[in-house]
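Enquirer: Structure for the following, please:
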Amino acid sequence: MIPKDLLPCPILRVGVTGRRVLTVALHENGSETDSICDVTEKIRLMVCEVLEEIQKAARREFHVARRFYQEGPPEFGVVSPLAEGSDRIFAEEAIKLGYRLECPLPFHRAEYANDFKAPGSKERFYELLGYAGEAVLELNGQREPRAAREAAYENVGRLVVDHCDLLVAIWDGKQDSGPGGTNDIIKFSLGRVPVISLRMDSDLHLIHLHRGKSHQEAYSQEAIGRLVKHVVSPPEFSDDREGNQDITGDYIDALPTGTSILGWLWGKFIWSMLLGKKLPSAGSHRVPDGAFLRYYERFDAYANRLSGLYRGAFLLNYTLGVGAVIVALLGHLAGLFNLPHSIELGFVVAEFIAILVIISLLFLLGQQRWHYRSVDCRYLAEQFRVLCYIYPLGLAPPHPRLPAHHVHHDVQKSWMEWLLRGIFRQHRRSQGIVGSEEVETQRKRMIDWVYSQIRYHERNARRMELIEGRLHKLIWSSLFVILLACCAHFGLKSLYEKSPDTEKALGWWLTALAAGLPALSAACHAIATQGEFERLAERGKAMSESLERLAKSLRDMNTAAALTLGELREECRVIAELVVEEVVDWQILYRKPVPPP
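Expert: Next up is the predicted model:
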């Protein structure tokens, strides 16, 4: 199973978005009347029922999957901005059921309290904040102009989505008058978290389990159970290939983090290919400390080891293929020159061993699936590395978007995504009051990180170009020498007729070149193809160009006091998604057959 120190705690967070005014217009005979109905109590009963069903289903699923979680009772939390109406009722009912309250606010609390005009509303707001304790995040949203005010409500709604495992939406099905309303937040959440849609104006409640309207079903206790299972249970419990380590991730339990012999071999090959070449400076940049650093370091080590095993294995396979041809030619030479039988036998044994190692490596590649597993661990490593930068902004791990023809490899349904979300939900975002100084500090830190990524991709692109270039030179040099050997063989026919001994000696060497160098040329081509050097160089250039544009956008952002955390969050969300989707693209690429010998 997954190492115990990497298992998440049994925690589930529920977020809320909803209408402030809990009234609906009554309809009679198809026409709207002036009669207005207050549905506050209806909403309160629905919320209580939903929260109880979520708790019941979660406790059941946590118990079933208890070996995949840390020991201890399940914890439940709700994320609510405490606006009047739905947000407030949701928080009140959750507190009664033992949920822990977390409150992101669109403005500093004193400013936000000015939203509440009803008698006793402001006092109730402060009372509920007391239940949240230190779990209150006060964003620096702006009141004016109107667009800034709407953006503040939109930003806090998106933060709720980022920090919950499922969202409860309480609304009347009508479009919002501007951004940041319930309908807007529902659209944003689809594809990110499951949504329970509770209608104020009817009993047509829906559950959006995955993404989009095509994956919705009617509200029921059974549907709530499936929704919670989707969030809580690891893939082993929902996949028909139970016990498959690529489904469960159990292979990392016995996986060392150090460099393997095959990885060392690959490293020496890269070093030899770059010998004497000058590379761009990588600069110095250290991943910042934080809750996710140790997870990044662990999965980075796993990914490096698995990648080294895979790349070292195919490098050794192709090298041994060339070696087997050379040894076979040497065995023929030993017989041709009447060398002792033991020498000839030694060459035969060496060729047998080379072929045996090739077969063994192919078997290991097929069984251990190093190439699949390396990109799985790399996906987790990159997600945790990105979190080290974006979590102080209140952002969640990016949800990678895949083209339709690759949905069967959707990482959102994998053990990696389950583990990532489980570890993420057990860490609270830093609480407190967000000011302009903190926003500017975070902006500068993100700019530094983006430029470190640009330097990395530029340097890596150059490395890959040099390796690809040298391998191509080897290929063409080998082909040129082969051509010369063939021409020499035909040109020396008259000399062979006069001197059989010359034919015996020189002819063999020409034959050896003509037979051995094609194997070398083919091996170089196979290593270049399997190593994806050209593609890596292209992707490195493309990534550096894309990141350069995003870095410019960060630099050009308003650095005055009007710059809000919400504005910075959305800019950094795009950067994080770009970095993670690049890794996912490689994960799809590596879903390919084991390389032939």
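
Enquirer: Dump stretch 461-479 to CSV, keeping only the CA atoms.
Expert: As requested, the backbone C-alpha atoms of stretch 461-479 are provided in CSV (Å, rounded to 0.1, in the frame of the first residue of the first chain):
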residue,chain,number,x,y,z
ALA,A,461,15.7,22.9,-24.6
ARG,A,462,19.4,23.6,-25.3
ARG,A,463,20.5,20.4,-23.7
MET,A,464,18.0,18.3,-25.7
GLU,A,465,19.1,20.1,-28.9
LEU,A,466,22.7,19.3,-28.3
ILE,A,467,22.0,15.6,-27.5
GLU,A,468,19.8,15.2,-30.5
GLY,A,469,22.4,16.9,-32.7
ARG,A,470,25.2,14.7,-31.5
LEU,A,471,23.2,11.5,-32.0
HIS,A,472,22.3,12.6,-35.5
LYS,A,473,26.0,13.2,-36.2
LEU,A,474,26.7,9.7,-35.1
ILE,A,475,24.0,8.3,-37.3
TRP,A,476,25.2,10.1,-40.4
SER,A,477,28.9,9.5,-39.7
SER,A,478,28.1,5.8,-39.3
LEU,A,479,26.2,5.7,-42.6
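
Enquirer: helix, strand or coil for the nearest residue to His427 once chain neighbours are set aside?
Expert: Distances taken as Cβ to Cβ, 6 or more residues apart in numbering place Ala291 nearest to His427, at 4.6 Å, with adjacent residues excluded. All C-beta spots, glycine's among them, are computed from the backbone N, C-alpha and C. Secondary structure state of Ala291, per DSSP: H, G, I helix; E, B strand; the rest coil, is coil.

Enquirer: Check the spacing between Ala291 and Gly15 real quick.
Expert: Using Cβ to Cβ, to the nearest Å, we find Ala291 at a distance of 20 Å from Gly15.

Enquirer: before we move on, what about Ser477?
Expert: Remark: distance between Ser477 and Gly15 (Cβ to Cβ) = 62 Å.

Enquirer: all strands for this protein, in order.
Expert: Taking DSSP state E, the strands of the chain run over residues 11-18, 23-28, 31-38, 75-79, 100-105, 136-138, 166-171, 195-199, 206-208, 216-218, 432-433.

Enquirer: Lowest mean pLDDT across these, which one is that?
Expert: The minimum mean pLDDT among the strands of the chain belongs to strand 31-38 (a mean of 68).

Enquirer: Against which helices or strands is the lengthiest helix in the chain packed?
Expert: Scanning the chain for the helix with the most residues, using DSSP state H, yields helix 436-491. Under the contact criterion of 3 or more Cβ pairs under 8 Å, 6 or more residues apart in numbering; DSSP states H and E, helix 436-491 touches helix 261-273, helix 370-390, helix 500-531, helix 533-556, helix 565-589.

Enquirer: picking up where we left off before, and the residue nearest to His427, backbone torsions?
Expert: Per-residue torsions, Ala291: phi -60, psi -20 (degrees, to the nearest 10).

Enquirer: Verify the stated contact: it with Arg428.
Expert: No: using Cβ atoms under 8 Å, Ala291 is not in contact with Arg428, being 9.2 Å away.

Enquirer: Just the pLDDT for the closest residue to Arg88 other than its chain neighbours.
Expert: Counting by Cβ to Cβ, 6+ apart, the nearest residue to Arg88 once its immediate chain neighbours are dropped is Leu82, at 5.9 Å. Leu82 carries a pLDDT score of 95 in this model.

Enquirer: before we move on, what about Phe490?
Expert: 66.

Enquirer: neighbours of the residue lying closest to Glu134 once chain neighbours are set aside, just the number please.
Expert: Nearest in space to Glu134, with sequence neighbours left out and distances taken as Cβ to Cβ, 6+ apart, is Gln431 at 5.2 Å. Neighbours of Gln431 under the rule other Cβ atoms under 10 Å: 15.

Enquirer: Quick check: Gln431 touching Leu137?
Expert: Yes: shown here, Gln431 and Leu137 form a contact pair, counting by Cβ under 8 Å, at 5.5 Å.

Enquirer: which one of Ser477 and Gly15 has more residues nearby?
Expert: Each of Ser477 and Gly15 has its neighbours counted (other Cβ under 10 Å); Gly15 has more, 29 against 14.

Enquirer: now the strands of the chain in CSV, with distance to Lys4?
Expert: Formatted as CSV, those follow (distance: least, Cβ to Cβ, whole Å):
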stretch, distance to Lys4
strand 11-18, 17
strand 23-28, 51
strand 31-38, 52
strand 75-79, 19
strand 100-105, 25
strand 136-138, 31
strand 166-171, 27
strand 195-199, 33
strand 206-208, 33
strand 216-218, 36
strand 432-433, 33
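
Enquirer: Point out the most buried one among these.
Expert: strand 11-18 (a mean of 26; mean count of other Cβ atoms under 10 Å).

Enquirer: That one pairs with which strands, parallel or anti?
Expert: Its sheet considered, strand 11-18 pairs with strand 75-79 (parallel), strand 166-171 (parallel) by DSSP bridges.
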